[in-house]
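Novice: next one to model:
(one chain, ligands or ions: 1)
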Amino acid sequence: MTKYLLAPPGEEVLLMGNEAIARGMLEAGIAVASAYPGTPSTEIIEALSRVAEEVGIYVEWSTNEKVAIEVAIGASMCGVRAAVAMKHVGVNVASDPLMSLGYSGVEGGLVIVTADDPNAHSSQNEQDNRYYGMHAYIPVFEPSSPSEAKDLTRDLYDLSERYKTAVFLRPTTRVCHVRGNVVLGELKKPERVGVFRRDFSRWVLLPVNSRRLHEEAINRIEKLADSLHEFKYNFLKKKDGSFGVIASGIAYNYAVEALMELGIYDKATVLKLASTYPLPRKLVKEFFDNVEGEVLVVEELDPIVEWNVKVFAKEEGIENIVHGKDLLPRVRELDTSIVASAIAGMLGKNYGVNVYYKPTLALPPRPPTMCPGCGHRAAFYELKIASAKAKVKAVYPGDIGCYTLGFFPPYRLVDISFSMGSGLGIGLGIAKASDELVVATIGDSTFFHAGIPALINAVYNTTPILLVVMDNGVTAMTGHQPHPGSGYRATGSVAKSLKIEDIARAVGVEFVEVLDPYAVDASIRKLIEAIEYVKKEGKPAVIIARRPCALIVYRQRIRRGEKIDVYYVDQNKCAKCGICVNLLACPAIYIEEAKYFINPTLCTGCGVCAQICPFKAISLRGGRSEE
Ligand SMILES: Cc1ncc(C[n+]2csc(CCOP(=O)(O)OP(=O)(O)O)c2C)c(N)n1
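Specialist: Predicted structure coming up:
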């Protein structure tokens, strides 16, 4: 991968959209890149961190998106080029400084990648972050392919510096994760050391400055709107103009493909937009000058382009009928057949469904489950048993991460999952508003990201709540990125490892215990103790269930050539009580012809099932090695 990312100019290589964005940043000469992981954005910083040392740039995983954008803003204030990447919901976290950034503008070019996720493939919602651009007076650009993503990213740095504005690059999952041919350009040597130039009138957002900066932000975006017709990623394909299509981002590809499938590519005038906010007004005017009939705006999610086009058309006295979300869905992703149906609907013709591309390959269903050997599974099992033994029926606010899977049977220990860090905060409200015992779960990365303020709140307001931190040492769900507790950084360099128990004690929690979820009985005892403490004392307690992510440990052991001792079910002892399947539900354990077995290729040898078997029917079988 590194080889391709740093391949010489002129070469054509196959890159994932996110890698192409990273290459675009390197071709622009960025000096600083920061991010908090989140699908579908994560691979941008992963790619940059792999080459950081070689190209001489600073790359970090930040504690959360707010800090990530602040780091990038600080770098830009010093006049160097900076990048920050996050998933769409990350911008919610970063939105406070973002709003001020919209006012202050930038010094060094600053690209904010908001990787949006129509269809919520791996997100809690499918919010359309183009609103943030409009909200913060920050222009939004949408690439339609990896190749365009690379060039667009590079050129956005020039635009950012020319207009002294931060810019949003808004790829969606289909651009981030698709692979395509990309022709590489020159790598620009980064200006690594900048200078902070004091400028009270821009950087100090006191009301006296903010009022003026607000006007300046509006003027900046207006000026940009008047020049964007010259931006080469916005273009017009003039055809006979009996009707028109305006499309942006990945939807542009669907629109072109749909017109081809329908055999009417030569009939439509097409406006391809990269800048969806603000609109390139002169180009939109030219588009309407070349369309006689009706117009369809093709965009995923909300009708942002459609609304802005309609307002513009009204202002200009343009009378073409403009369609959009009256013919296209406002939720989930589009595809070629959806767009073809909408075009056919607009033209009033029945083209027949068989004309359209329909995917024929159905992927096998893969229900989400925690991995074999996952410490979270053992911790959920123990929490369930501890709650039963302590005779409590608690409310279990959960959070976002692999441990959200505690929602599924047989655990059913996630009653709420909202947004990162919210489980604990919402739990505080439930504890204050009801007589329920509240047991919240949170991951380690999520704890650092947004859990700490809620924990401080619990101490400050003396809220009876048990917080179980599911600590596997990394941000596992997004692909094992390190966090402040991991002991290493984005580039692999060694870092100070912050201990969650130290933080909990430092903020005033008086009951703090660390347990190893692989030690079942001891863990259950500690959980019961914590539950009783919360009930009796009416104060918060913290349990840290610590076990490194089983996938990482397993991978490391295999790489070291270690044998993995796996477990098996002794059929002579097994009473078929079903506890291992019905309460622990490790995917390595299965039933065949009413007998219980352990799949030796899935077993990681954690031994939790052997501890919970009341008949001692599960034992170690000796080693398995893998090439
Ligand atoms: C604001 C925000 N940023 C990023 C994400 C993506 N994301 C989902 S869970 C998660 C963290 C998971 O790590 P951790 O809390 O350690 O739990 P684990 O998956 O390791 O069990 C991240 C980064 C998100 N959903 N929301």
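Novice: any stretches of the stretch 501-627 of the chain with poor pLDDT?
Specialist: Within the stretch 501-627 of the chain, the stretches falling below the threshold (pLDDT under 70) are 622-627.
Novice: which residues of it fall in strands?
Specialist: Here the stretch 501-627 of the chain has its strands, by DSSP state E, counting those that start in this stretch, at 511-515, 541-546, 564-569, 589-592, 595-598, 618-624.
Novice: which strand residues bridge the residue in the stretch 401-550 of the chain that the ligand sits nearest to?
Specialist: When C-beta to the nearest ligand atom is the measure, the stretch 401-550 of the chain has its nearest residue to the ligand at G443, with 2.1 Å between them. All C-beta spots, glycine's among them, are computed from the backbone N, C-alpha and C. According to DSSP bridges, the residues that bridge with G443 are M470.
Novice: you'd agree I30 is up against V84?
Specialist: No: with contacts counted by C-beta atoms under 8 Å, I30 stays clear of V84, the gap being 10.2 Å.
Novice: any residues in contact with both of these two?
Specialist: Any residue near both I30 and V84 by C-beta atoms under 8 Å, 6 or more residues apart in numbering counts here, and not one turns up.
Novice: quick one: the helices in the stretch 501-627 of the chain?
Specialist: Listed in chain order, the helices found in the stretch 501-627 of the chain under DSSP state H, counting those that start in this stretch are 520-537, 550-559, 579, 608-612.
Novice: er, the stretch 101-250 of the chain actually
Specialist: 130-136, 146-163, 173-176, 200-203, 207-225, 250-261.
Novice: among those helices, show me which one is buried the most.
Specialist: When neighbours are counted by mean count of other C-beta atoms under 10 Å, the highest per-stretch mean among these falls to helix 173-176, a mean of 26.
Novice: what's in contact with that helix?
Specialist: 16-18, 21, 39-41, 43, 115-119, 121, 143-146, 149, 249-250, 333.
Novice: once you drop chain neighbours, what's closest to E510?
Specialist: For E510, ignoring the flanking residues on the chain, the nearest one in space by C-beta to C-beta, 6 or more residues apart in numbering is K539 at 6.3 Å.
Novice: same check, this time on G538
Specialist: Across the structure, with C-beta to C-beta, 6+ apart as the measure, the residue nearest G538 apart from its sequence neighbours is P464 (4.5 Å).
Novice: tell me if I am right that that neighbour is in a strand.
Specialist: No: according to DSSP: H, G, I helix; E, B strand; the rest coil, the state of P464 is coil, so it is not within a strand.
Novice: interface residues of the stretch 301-450 of the chain facing the ligand?
Specialist: Along the stretch 301-450 of the chain, the residues adjacent to the ligand under the rule C-beta under 6 Å from any ligand atom are 400-403, 420, 443-446.
Novice: any idea how far A390 is from I531?
Specialist: I531 sits 5 Å away from A390, going by C-beta to C-beta, to the nearest Å.
Novice: higher neighbour count, those two?
Specialist: When neighbours are counted by other C-beta atoms under 10 Å, I531 comes out ahead of the other of I531 and A390, with 23 against 17.
Novice: surely the more buried one is in contact with S387?
Specialist: Yes: under the criterion of C-beta under 8 Å, I531 makes contact with S387 at 7.1 Å.
Novice: now do the shared contacts for the two.
Specialist: What both I531 and S387 touch, as defined by C-beta under 8 Å, 6+ apart, is the set 394, 439.
Novice: related to what we said a few turns ago, how about the helices of the stretch 101-250 of the chain, which one is nearest N457?
Specialist: When those are compared for distance to N457 using C-beta to C-beta, the nearest one is helix 130-136, at 27.1 Å.
Novice: using CSV, list the CA coordinates for that closest one.
Specialist: Taking C-alpha atoms only, helix 130-136 is exported to CSV below (Å, rounded to 0.1, in the frame of the first residue of the first chain):
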residue,chain,number,x,y,z
ARG,A,130,-23.9,19.4,3.6
TYR,A,131,-26.1,21.3,6.0
TYR,A,132,-23.0,22.0,8.1
GLY,A,133,-21.4,23.7,5.2
MET,A,134,-24.4,26.0,4.8
HIS,A,135,-24.6,26.4,8.6
ALA,A,136,-20.9,27.4,9.0
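Novice: quick one: that helix near the ligand?
Specialist: No: contact between helix 130-136 and the ligand is absent, the nearest approach being 13.5 Å (criterion: C-beta under 6 Å from any ligand atom).
Novice: looking at that helix now, give me its mean pLDDT.
Specialist: The average of the pLDDT scores along helix 130-136 is 98.
Novice: next: stretch 262-279.
Specialist: 95.
Novice: endpoints of it, how far apart?
Specialist: Using C-alpha to C-alpha, to the nearest Å, the end-to-end distance of stretch 262-279 comes to 28 Å.
Novice: so which bits of that stretch are buried?
Specialist: For stretch 262-279, a neighbour-count test (16 or more other C-beta atoms under 10 Å) marks 262, 264, 267-279 as buried.
Novice: same thing with stretch 330-343?
Specialist: Neighbour count says stretch 330-343 has 333-343 buried, by 16+ other C-beta under 10 Å.
Novice: now do stretch 82-102
Specialist: Neighbour counts using 16+ other C-beta under 10 Å place 82-95, 97-99, 101-102 of stretch 82-102 among the buried residues.
Novice: now swap in stretch 367-384 and tell me
Specialist: Taking 16+ other C-beta under 10 Å as the neighbour-count basis, stretch 367-384 is seen to contain the buried residues 370-384.
Novice: go on, stretch 303-311?
Specialist: Using 16+ other C-beta under 10 Å as the test for burial, stretch 303-311 gives 303-306, 308-310.
Novice: low-scoring pLDDT stretches of the chain, where are they?
Specialist: Residue ranges of the chain with pLDDT under 70: 1, 350-360, 622-627.
Novice: same list (the buried residues of stretch 330-343) but as JSON lines, adding secondary structure.
Specialist: Putting those into JSON lines (three-state DSSP) gives the following:
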{"residue": "E333", "secondary structure": "coil"}
{"residue": "L334", "secondary structure": "coil"}
{"residue": "D335", "secondary structure": "coil"}
{"residue": "T336", "secondary structure": "helix"}
{"residue": "S337", "secondary structure": "helix"}
{"residue": "I338", "secondary structure": "helix"}
{"residue": "V339", "secondary structure": "helix"}
{"residue": "A340", "secondary structure": "helix"}
{"residue": "S341", "secondary structure": "helix"}
{"residue": "A342", "secondary structure": "helix"}
{"residue": "I343", "secondary structure": "helix"}
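Novice: helix, strand or coil: sort out A344 for me.
Specialist: In the three-state summary, A344 is assigned as helix, counting by three-state DSSP.
Novice: give me the neighbour count for it.
Specialist: A344 is surrounded by 20 other residues when neighbours are defined as other C-beta under 10 Å.
Novice: coming back round to it: and the two most separated of the buried residues of stretch 262-279?
Specialist: For the buried residues of stretch 262-279, the farthest-apart pair by C-beta to C-beta is L262 and P278; their separation is 31.1 Å.
Novice: and the most centrally placed residue in the chain, what helix or strand is that in?
Specialist: For the chain, the residue nearest the mean C-alpha position is G38 (2.5 Å; C-alpha atoms, centre = their mean). Element membership for G38, per DSSP states H and E: none, as it lies in no helix or strand.
Novice: from the ligand, how far off is it?
Specialist: Distance from G38 to the ligand, counting by C-beta to the nearest ligand atom, to the nearest Å: 3 Å.
Novice: and that residue, how far is that from N18?
Specialist: As it turns out, when the distance is counted by C-beta to C-beta, G38 lies 12 Å from N18.
Novice: got any residues that touch both of those two?
Specialist: Common contact partners of G38 and N18 (C-beta under 8 Å, 6+ apart): A115.
Novice: and which of the buried residues of stretch 303-311 is nearest to the ligand?
Specialist: Proximity of these to the ligand (C-beta to the nearest ligand atom) peaks at I304, which lies at 21.7 Å.
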